[in-house]
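# any chance you could fold what I've pasted below:
(2 chains)
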Amino acid sequence: MPRIRLRANALIGSILVGATLLLAAASIVWTPRNPLAVALRQRLKPPSAEFWLGTDEVGRDVFSRIMTGAGTSVMVAGLAVLAAVLLGSLLGLVAGFLRGWVDRVLMGINDALLAFPGILLALGLMAVIGASQWGIILALGLAYAPTVARVVRGAVLSIREREFVEASRSIGNSEGYTMWRHVMPNTASPLIVLATSMFGWAILAESALSFLGLGVPPPAPTWGNMLAAARPYMESAIWLSLAPGLCIALTLLGVNLLGDALRDRLDPRSAER
Amino acid sequence: MSPSLLEVDALRITAAGGKLVAVDGISFHVEAGEILAVVGESGSGKTATGRAVIGLLPPGLTCSGGAVRFKGEDLLTVSADRLRDLRGAAIGMVFQEPMVSLNPALTIGAQMEEGMALHTSLSKAEIRAACIAMLKRVQIRDPEQCLTAYPHEFSGGMRQRIMLASVMMLKPALLIADEPTTALDTLSQREILDLMVGLARHEGTAVLLITHNLGLVARYADRAIVMQRGRIVEQGGARALLSSPREAYTKALVDALPRRVPRTGSRPERASPVLEARGLQVHYQGRQRLFRRTPAVKAVDGVDLALYPGETVALVGGSGSGKTTLGRAMLRLVQPTGGQLFFRGKEVTQHRDEDYRRFRLSCQIVFQDPYSSLDPRQRIGSIVMEPLRHEPGLSPQQRRERVLKTFDDVGLPGFEERFPHQLSGGQRQRVAIARAIVRHPALVVADEPVSALDMTVQKQILTLFRKLQQERGFACLFVSHDLAAVEEIADRVVVMQHGKLVEEGDRDSIFDAPAHPYTQALLEAAPRLESVS
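Take a look at the predicted model:
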């Protein structure tokens, strides 16, 4: 029974994430209409056969904008998480494996950064770097790296005490090799779970930053800035906020389901016997 | 004939809705005041049986048939309230893990008084006096202070005494002791069981002693039951059962008890030592407290020890004697803080040069816990292949052949593609041994390699070790507190206490004529079968 539910979760997760990725990929070659073309006569049209998800306050096709926005959001979140995982794992591995003063210095800085809420940190960084697509990736990556470093360091600290690490030393492997071959792979489970939920946070944070006007600058659409632009029309044109809002929610749901399934799959102990 | 104190009748315990059977219709009885041992290996259902009697089966297991009559009352059908009344007052239980069976947040006094307050109507002062009297009887020094202390201030052996005291204080008619000393070293084991049996005899308490150790059965039990896969294989008087077992499984268990056999083959000649320690020290700095440092711990304190090619030296001592640290320090897995190490005459104590490299590659270790010494993410083929990374001049094909040959040698042919979690404890230990010998080492340090395993599996692993050693001629430092295993495998024995070697000699001379009082105490405490026959 649990296994069947697991399979269903994995399936739903894959479908949701797959749909988002498909939208994002398709938007590169084709959208029903030009997502940037303004047509003031057609403004605030409800969903119809012509405009599948209606039009926005300047008459742009919402469906086309959702497609283009999916690409931007997925790319921004994906790259930001990748940056955070790379940087954070490196710091966490080094701190956890070397311990001593290296650990204290790195984790001191890390804790100082963790003391700021991630979104605030990203906001500050955005103010310095400037609002652009790469700026937001960098800002979110830096803002999430301390969390990754914490988790990885914790995992490393517990793994390095296990006897197989000592066994690796005893057969003559170098510290670097031991870390790479035996310690790092065993941090994967907590890291994957964290990375998937961080992917969700990053989509949300990008939306929030865009909502605040610090994200990807208009007119390029993202789910966040679409949501922001839709705010004044909540009562008259609900589809404007509903479409990007639902997209964010469903993508997050898919990512989380997939993350859980992935964790169970990657852990050899929980794999089918 | 009056009814027995405890009568278990066709008891059946199942899991997963009846699909898995843990205990399959067993019947036995316990008379008042007798000591009945339940013997079996892991998975035999002995623990489930003990738990069922007191109504504390772990979640997932259920009693699906039979009866457990205590003084004529069926414990499987009485109300939960009545069962609670009986627990503690009439049936007490001592658990295996003293480190986790006391609540770390409560003082010893609070935990001992809890049971008394629940089941008796004594006043606070009377309860306190009773606690102190009981702690005295289990030989706790300074019982008044003990009552206000917390569990973490005591060693495992002391905690188990405290557990015993708090259970026996209520004078139960039946005591269930589930592997009460498995987590302890031989000396504490002896002390605790002597105390337990002494108290039980004095109070007329019957004991259901659940154990995998036949040596304990021989020493303490009146009658014994042998369980295998949820069924009773054989039962009878403890001594008769051990000296003339009728069933094949009991015979196998008795045979699995390590015993001394004369050494066959020529003794390795004492050319020059493979590895020699001179004045080896490992001192740990004291912990930095707020304003002072706690005194340094001298785990290894000036040890001279030479290991010659092909011999097995057993390093024996109680917990905390420093034997594990010495084993690690001999391989420089723990850096010695003083003294010198020589590998084939070359000093390898400090530097990381070419000599050290050769030393590191030809001295290997087998760890105690096969569950944590194998990387869970590696297939075992790749685990065993790994040491060959540092072996120059081998083609991938040769490596693969070497690994396959080693798997054959340790009795795991065709297992290369499995993950560690798919193996049993004994099989994992075979993998660990394969990893240690795949590079044809000159020396293997085995740190309690069998103490986490079942008796029959222990026997197999010891035999395997012996065989491999004869074939390949490596020297072995066998670190153990289990004198029975040592007696079977060792050529020479060194005894360690408080970081120092207190006695050293041939196996036979140590076992037959121990000179040092500590060695005598260790030998005296070791449960052995010879005491029966």
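
# and residue 88, helix, strand or coil?
In the absence of a named chain, chain A is used. Using DSSP: H, G, I helix; E, B strand; the rest coil, the structure places residue A:88 in helix.

# and if you look at residue B:450?
Using three-state DSSP, the structure places residue B:450 in coil.

# from what I see, it and residue B:484 are in contact.
No. Counting by Cβ atoms under 8 Å, residue B:450 sits too far from residue B:484 to count as a contact (10.0 Å). Every residue, glycine included, has its C-beta placed from N, CA and C.

# between these two, tell me which one has more neighbours.
Set residue B:450 next to residue B:484 and count neighbours by other Cβ atoms under 10 Å in any protein chain shown: residue B:450 wins out with 27 against 23.

# from residue B:480, how far out is that one?
The gap separating residue B:450 from residue B:480 is 8 Å, by Cβ to Cβ, to the nearest Å.

# show me what contacts the nearest residue to residue B:321 once chain neighbours are set aside?
Among residues not flanking residue B:321 along the chain, residue B:496 sits closest, at 4.7 Å (Cβ to Cβ, 6 or more residues apart in numbering or on different chains). Applying Cβ atoms under 8 Å, 6 or more residues apart in numbering or on different chains to residue B:496 gives the contacts B:303, B:315-317, B:321-323, B:326, B:502.

# now the buried members of these.
Listed as buried from those are B:303, B:315-317, B:321-323, B:326, B:502; burial here means 16 or more other Cβ atoms under 10 Å in any protein chain shown.

# narrow those residues to those in strands?
Mapping the buried ones among the contacts of residue B:496 onto strands (DSSP state E) picks out B:303, B:315-316, B:502.

# what helix or strand is residue B:65 located in?
With secondary structure defined by DSSP states H and E, residue B:65 is part of strand B:61-70.

# tell me which strands that strand pairs with, and in which orientation.
Strand pairing for strand B:61-70, determined by DSSP bridges: strand B:6-15 (antiparallel), strand B:73-74 (antiparallel).

# who's in contact with it?
With Cβ under 8 Å, 6+ apart as the criterion, strand B:61-70 contacts B:3, B:5-15, B:18, B:22, B:25, B:27, B:48, B:51-53, B:57, B:74-77, B:86, B:90-91, B:174.

# element containing residue B:301, please.
Going by DSSP H and E, residue B:301 is part of strand B:297-307.

# now stretch B:410-425 - C-alpha only, PDB.
Only the C-alpha atoms of stretch B:410-425 are listed here, as PDB (Å, rounded to 0.1, in the frame of the first residue of the first chain):
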ATOM      1  CA  VAL B 410      35.400 -15.700   2.300                       C
ATOM      2  CA  GLY B 411      32.400 -17.900   1.200                       C
ATOM      3  CA  LEU B 412      30.400 -15.300  -0.700                       C
ATOM      4  CA  PRO B 413      30.700 -16.300  -4.300                       C
ATOM      5  CA  GLY B 414      28.500 -14.300  -6.700                       C
ATOM      6  CA  PHE B 415      27.600 -11.700  -4.100                       C
ATOM      7  CA  GLU B 416      29.500  -8.800  -5.800                       C
ATOM      8  CA  GLU B 417      26.400  -6.900  -7.100                       C
ATOM      9  CA  ARG B 418      24.600  -6.700  -3.800                       C
ATOM     10  CA  PHE B 419      24.300  -3.700  -1.400                       C
ATOM     11  CA  PRO B 420      25.300  -4.100   2.200                       C
ATOM     12  CA  HIS B 421      21.700  -3.800   3.400                       C
ATOM     13  CA  GLN B 422      20.800  -6.900   1.500                       C
ATOM     14  CA  LEU B 423      23.200  -9.000   3.700                       C
ATOM     15  CA  SER B 424      23.000 -10.500   7.200                       C
ATOM     16  CA  GLY B 425      25.400  -9.400   9.900                       C
END
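
# list the buried residues of it.
Buried, per 16+ other Cβ under 10 Å, within stretch B:410-425: B:410-412, B:415-416, B:419-420, B:422-423, B:425.

# got it, and stretch B:338-345?
So stretch B:338-345, judged by 16+ other Cβ under 10 Å, has buried residues B:339, B:341-344.

# quick one: contacts for residue B:223?
B:34-37, B:235-238.

# and these, which is closest to chain A?
residue B:37 (32.8 Å; Cβ to the nearest Cβ).

# now the closest one: how far from residue B:227?
From residue B:37 to residue B:227 the distance is 11 Å (Cβ to Cβ).

# got the residues of chain B near chain A?
B:331, B:333, B:357, B:360-361, B:364-365, B:367-369, B:372-378, B:386-387, B:389-390, B:419, B:421-422, B:432, B:435, B:439 (Cβ under 8 Å from any Cβ of the partner chain).
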